[in-house]
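# Task: produce atomic coordinates for the following.
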Amino acid sequence: MDLFFCPVVSEEASVVTLDEFESRHIARTLRKKTGDRIALTDGQGGHYSGEITSLKPRVRVHILERTKHDAPQPALHAAMGFIKPQRLEWALEKVTELGATDIHLIRTEHSGYGSANHGRFEKILRQALKQNQRFYLPALHLYKHIHMFIAAVQAVPQKFVAVDAHFPPLAGELQNEGDRLICVGPEGGLSQTEIGLLQDNGFKAVSLGPSRLRAETALLAGLSILRLL
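Residues are numbered from 1 along each chain as shown. Take a look at the predicted model:
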């Protein structure tokens, strides 16, 4: 069943109205009709089955079934410096597919790109969520400086920064319990000052293997290890 996004579905609501984007996709692109069954998610674990009751001016859905999914455990944080927009958008899509619960984008010393189209980023996350039939939308965090990032993730128990093959492999440093975070640099990597700052604040420097990876590839490799081990 097709899955669509509706950010607010109250416990009392029997009928919800979808936003313009979802309504247009349902009515014009997919050519759904009144009476068709669709599924909705609020991105906070809610999963709803409903029936389309009207298509104009926006799609309205009568809620028939409700399910609440547990939050993913452990939480998986994916952090990286800003990179070229097209590659960054691809990375956002893929880390959502892999189940990241939090995404952190940081302006670092070597970030050649720092513009943040938050609305565009959120749209990409929602599309990836629906495509992969997931029910928790990653929280997106943007930082103008690495100090702000460090302060925001202080409570995460397992924090790692990918550096190079001279450091221990990430897989060997993971503990069984606790939320997990992997941080990678942008093109050109993190500066030595930034790496030292992260290490001074509880991050373990690790390796993702002998190969030199692009920033977005490194992020996916690190997140995959956090997810599977």
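
# how many neighbours does Lys130 have?
Using other C-beta atoms under 10 Å, Lys130 has 20 other residues around it. C-beta coordinates here come from the backbone N, C-alpha and C atoms, glycine included.

# Mind listing residues that contact the strand or helix carrying Leu223?
Using DSSP states H and E, Leu223 falls within helix 215-228. Among residues not part of helix 215-228, those counted as contacts by C-beta atoms under 8 Å, 6 or more residues apart in numbering are 76, 78, 80-81, 83, 87-88, 90-91, 94-95, 98-100, 160, 162, 170-171, 174, 180-182, 184-187, 208-209, 213.

# how about low-confidence regions in the chain?
For the chain, the stretches with pLDDT under 70 are 113-115.

# Kindly state the domain boundaries assigned to it.
Per automatic domain parsing, the structural domains of the chain span 3-68, 76-228.

# so which of the ones you listed is the most packed in?
Sort the domains of the chain by mean neighbour count, taking mean count of other C-beta atoms under 10 Å, and domain 76-228 sits at the top with a mean of 18.

# quick one: that one to chain centroid distance?
Relative to its parent chain, domain 76-228 has a centroid offset of 10 Å by C-alpha atoms, centre = their mean, to the nearest Å.

# and the end-to-end length of it?
End-to-end distance of domain 76-228 (C-alpha to C-alpha, to the nearest Å): 11 Å.

# what do you get for stretch 205-216?
End-to-end span of stretch 205-216 (C-alpha to C-alpha): 18 Å.

# From here on, call the first residue 395.
Okay, residue one is now 395; in that scheme the one you just asked about reads as stretch 599-610.

# And the helices in this structure, which stretches?
Secondary structure of the chain (DSSP state H): helices located at 414-418, 479-491, 512-525, 540-546, 586-594, 609-622.

# In a markdown table, list those along with distance to Phe398.
Below are the helices of the chain laid out as a markdown table (distance: least, C-beta to C-beta, whole Å):
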| stretch | distance to Phe398 |
| --- | --- |
| helix 414-418 | 5 |
| helix 479-491 | 16 |
| helix 512-525 | 7 |
| helix 540-546 | 31 |
| helix 586-594 | 39 |
| helix 609-622 | 26 |
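
# Cool, thanks, talk later.
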